[in-house]
Every structure is written in structure tokens, then in C-alpha cells.
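coordinates only, sequence not included:
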């Protein structure tokens, strides 16, 4: 394999990583239906679960333990900050060549929730 071929493969992998990270961040931060849970309400519910577990029957305890695990994960995720601006910059740099190489249309990007202004910055238009 030539050095040029190796470099092209490495570039393609890096573009794919940038696209994947951005799409995963979009997915994780997409607005959900219903009322948002605040960190305070999650902590309050965790306290309630701890008191309920002590007297719960085994089946109820199982469900409470799972709810506690889910709440702990949600609380951790809400406190983790994603450098979304940096991910967006990397996506903008990688999206057009990735789109061209993989034949991905503007419509496909939009359907996944990529904002139109981000696609415009990346040089991806409706006609491309």
C-alpha cells in the first residue's frame, strides 16, 4: 500500500469519527417529549428510592434498584458537559468530503437532525 493510500484511509477514518461524534452528540441532546427532569428532582427521587428499598418486597426492590441505576446514569449524563462547539467545528470540516465519498444527501443529514445552518457552513446544499 502506498503512503498516499494510507493517508487517504486515515483521513477517511478521521472524517468518519468526526461525523459519528457529532451525530451522537445531536442524538444525546435532542429535545425529549414531556417534562424535563431537573438534577434536584432526580436527587430527591433517589433519596425516596433509598427509603423505599428498605421495606420493599423482592420484586418491588428489583424495580427500585433499576430505577435508581437509571436515575444515577441520567444524573451523571446531565452533569457531563459536551464540547458541542468543538464537535460542530470538526463536523463542518469533515461533512462535505464524507458526504461526497459516501453519497449522503442533504435530506439524509436533515432527517437525522443536523441543522440547515451547520450543513450550509459545511458546504452541503440541497442540490449537492
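Perfect, I can see it now. If you're wondering where the values come from, they're calculated on a predicted model, not measured in any experiment.

ok, the most far-flung residue of the chain relative to its centre to residue 64 distance?
Farthest-out residue of the chain from its mean C-alpha position, per C-alpha atoms, centre = their mean: residue 55, at 37.7 Å. Per C-beta to C-beta, to the nearest Å, residue 55 is found 11 Å from residue 64. C-betas here are computed from N, CA, C, even on glycine.

which residues sit in contact with the nearest residue to residue 127 once chain neighbours are set aside?
Closest residue in space to residue 127, ignoring its immediate chain neighbours: residue 106 at 7.9 Å, by C-beta to C-beta, 6 or more residues apart in numbering. Contacts here follow C-beta atoms under 8 Å, 6 or more residues apart in numbering; on that basis residue 106 touches 119, 124-128.

out of those residues, which sit inside helices?
Among the contacts of residue 106, the members falling in helices are residue 119 (criterion: DSSP state H).

between the contacts of residue 106, which sits nearest residue 10?
For the contacts of residue 106, the closest approach to residue 10 (C-beta to C-beta) belongs to residue 124, at 22.6 Å.

verify the stated contact: the closest one with residue 96.
Yes. Under the contact definition of C-beta atoms under 8 Å, residue 124 touches residue 96, with a separation of 5.7 Å.

which of those two has more neighbours?
When residue 124 and residue 96 are compared on other C-beta atoms under 10 Å, the one with more neighbours turns out to be residue 124, at 23 against 18.
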